[in-house]
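1. Test case, fold it:
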Amino acid sequence: MTTAVAEDRLAALEAKLDAVSHQLDFVAAALREQETRRGMWDELRHDLAPVTAEAMERVSRELDEVRGFIEPAGLLRLVKRLLRDLPYLEALLDQAESLSSLGAEVAPLSRDILRAAMARLDDLERRGYCAFARGLVHLADGVVAGLGEEDLKALGRSVPPLVQSVKELADPSVIGLLPGLVRGLRETPAETPGLLRLAWRLRRPAARRGLARALGLIEALGAPTGALPQADALHLPTSR
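-> Here you go, the predicted structure:
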């Protein structure tokens, strides 16, 4: 009985020793890993030391150049404001990204619009519109160079009566007279008629109407500037 108890205690002691040995192995491995990491950090620190020193030296030189313009308190306020406005900066960056995406989507459409515009301009160039526009520009240059300030004022005063006259000339009753007038000017008599023959032709209603119009035109030309001709001089006489 005593031997069995001693063997059990010896087995338990061996188990405890094995557990302790495993724990010591784990601790040793952890220490070795920590030592390896420490060596890596030391090596990295050693490699970065020249770069860090150069960077600090460069930053120091840059700060020395602007030290007279920037105060530490102002720089601190700027940093605080940037931190405070960080959500607005993020929103601004989001908008910039959205605009960039929109630009990428609109770019093909812009190219199509540009091609269509170039084709339209080429068509206008072939049809002579561009040459006509250039001619108008040269004409406008000549008009501008030949008109002074007083001339422009006088032209401005003359535009309303001129527009009114053009409107009256565009009346259908006046336009209807143009074909007969052109035809009468083109017809050349075979021989010059005498006074009696001309007086005989005045018996015709059309001749009397034309004579009445001619007399009205003569009266209008002889009237003072701005005066209106008499109403009966502008009306056609009734044929008898």
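
2. Could you export stretch 55-65 as PDB, CA atoms only?
-> Coordinates of the C-alpha atoms in stretch 55-65 are reproduced here as PDB (Å, rounded to 0.1, in the frame of the first residue of the first chain):
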ATOM      1  CA  ALA A  55      13.800  65.000 -43.200                       C
ATOM      2  CA  MET A  56      14.000  66.900 -39.900                       C
ATOM      3  CA  GLU A  57      16.800  69.000 -41.300                       C
ATOM      4  CA  ARG A  58      14.800  69.800 -44.400                       C
ATOM      5  CA  VAL A  59      11.700  70.600 -42.300                       C
ATOM      6  CA  SER A  60      13.800  72.800 -40.100                       C
ATOM      7  CA  ARG A  61      15.200  74.700 -43.100                       C
ATOM      8  CA  GLU A  62      11.700  75.200 -44.500                       C
ATOM      9  CA  LEU A  63      10.300  76.400 -41.200                       C
ATOM     10  CA  ASP A  64      13.300  78.800 -40.900                       C
ATOM     11  CA  GLU A  65      12.300  80.400 -44.200                       C
END
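
3. Same question for it: list its buried residues.
-> By neighbour count with 16 or more other CB atoms under 10 Å, stretch 55-65 contains no buried residues. (Each C-beta comes from the backbone N, C-alpha and C, glycine too.)

4. Equivalent analysis for stretch 213-224, please.
-> Under the neighbour-count criterion of 16+ other CB under 10 Å, stretch 213-224 has 213, 216 buried.

5. Using PDB, write out the CA atom coordinates for that stretch.
-> Output of stretch 213-224 as PDB, limited to C-alpha atoms (Å, rounded to 0.1, in the frame of the first residue of the first chain):
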ATOM      1  CA  ARG A 213     -49.700 109.700-108.200                       C
ATOM      2  CA  ALA A 214     -46.900 111.600-109.900                       C
ATOM      3  CA  LEU A 215     -48.400 115.000-108.800                       C
ATOM      4  CA  GLY A 216     -48.800 113.700-105.200                       C
ATOM      5  CA  LEU A 217     -45.100 112.600-105.300                       C
ATOM      6  CA  ILE A 218     -44.000 116.100-106.600                       C
ATOM      7  CA  GLU A 219     -46.100 117.800-103.800                       C
ATOM      8  CA  ALA A 220     -44.500 115.500-101.200                       C
ATOM      9  CA  LEU A 221     -41.000 116.400-102.500                       C
ATOM     10  CA  GLY A 222     -41.800 120.100-102.400                       C
ATOM     11  CA  ALA A 223     -43.400 120.100 -99.000                       C
ATOM     12  CA  PRO A 224     -41.400 121.400 -96.000                       C
END
